[in-house]
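**Q** curious how this folds, go ahead:
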Amino acid sequence: MKYPCPQCSQATRVIKPITLEKLLTKNAKAQIDSLLGFRFCPNSKCEVLYFQPDQKMFLRADASSVPVFQKSALASRAVCYCFGYSVAEVRRATQDPDSSIVQTITEKCRRGEDRCEETNPQGSCCLGNVRAVIRQASSEADAESVSQPSCCALEEDCDVDGTCE
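**A** As a prediction, the model looks like this:
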C-alpha cells in the first residue's frame, strides 16, 4: 500500500522498527505506542521525518538522535552512517582522482559490515545519497570552471558575484 507524506505528498518508504528503536530519541519513543507501520519522508523541505498513517502520528527531524541527511543542510552531517562519511568528506573526495569512497562503501557492504537499518534514519543503504552528493559536487565544480563574464579582462577584475569592478 502506498502512503504519500500527508504534509508534502512526497513518496515515502516503510521504516522497520529496528531503525526507530535505534535512532529515535527517548522523548520521541515515549510519544508512540508502537514502532510498527511508520514511514520515512525524504523531502528536505518537509517537517515530517516519520509518520504512522493509521495512528496519525508525526515525528519531526528532531525526533532522531542523529542529524538526518535529507533534513539537514550541514556539510558535517553524515551521508554514510555505517562507515562515518560526511557530506564534506564526500565532496572533498570528488576533487581527488584517486578517491574511492563509493567503492570502499560497496566493498564493506559486500562483506556484510553495513548496518543501514540500525544507523541510517532512512532505514536503507546510503549509496544513492553518496552518489547524489558526488553528482552535485561535480556539477558545482563544472559551473565554477565556466569562464568569467566577457567584460572582465582579468579574473581579478571581477567581484565575488561575477560582475566587473
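**Q** list the contacts of the residue nearest the centre of the chain.
**A** Nearest residue to the geometric centre of the chain (C-alpha atoms, centre = their mean): Phe69, 2.7 Å. Listed by C-beta atoms under 8 Å, 6 or more residues apart in numbering, the contact set of Phe69 reads Arg77, Ala78, Val79, Val87, Asn120, Pro121, Gln122, Cys126, Asn129. Backbone N, C-alpha and C define where each C-beta goes, glycine included.
**Q** report how many residues lie close to the nearest residue to Ala93 once chain neighbours are set aside.
**A** Spatial nearest neighbour of Ala93, chain neighbours left out: Ser99 (3.7 Å); criterion: C-beta to C-beta, 6 or more residues apart in numbering. By other C-beta atoms under 10 Å, 15 other residues sit near Ser99.
**Q** distance of the residue nearest to the centre of the chain from Leu36?
**A** 24 Å (C-beta to C-beta, to the nearest Å).
**Q** does the residue nearest to Glu113 when sequence neighbours are not counted sit in a helix, a strand or a coil?
**A** Leaving aside its sequence neighbours, Glu113 sits nearest to Cys82 (C-beta to C-beta, 6+ apart; 7.2 Å). Following DSSP: H, G, I helix; E, B strand; the rest coil, Cys82 is assigned to coil.
**Q** quick check: the residue nearest to Ala93 touching Glu89?
**A** No: Ser99 lies out of contact with Glu89 (C-beta atoms under 8 Å); the separation is 9.5 Å.
**Q** pretty sure the residue nearest to Glu113 is touching Arg111, no?
**A** No: taking C-beta under 8 Å as the definition, Cys82 is not a contact partner of Arg111, at 11.6 Å.
**Q** pick out whichever of these two has more residues nearby.
**A** Cys82 (18 against 8).
**Q** who are the contact partners of the more buried one?
**A** Ile105, Lys108, Cys109, Glu113, Asp114, Arg115, Cys116, Thr119, Asn120, Cys126.
**Q** what's the longest helix along the chain in contact with?
**A** In the chain, assigned by DSSP state H, the helix with the most residues is helix 127-144. Identification of contacts with helix 127-144 by C-beta under 8 Å, 6+ apart yields 69-70, 79-80, 85, 87, 90-91, 93-95, 101-102, 105-106, 109, 122.
**Q** from those residues, which land in strands?
**A** Val79, Cys80, Tyr85 (DSSP state E).
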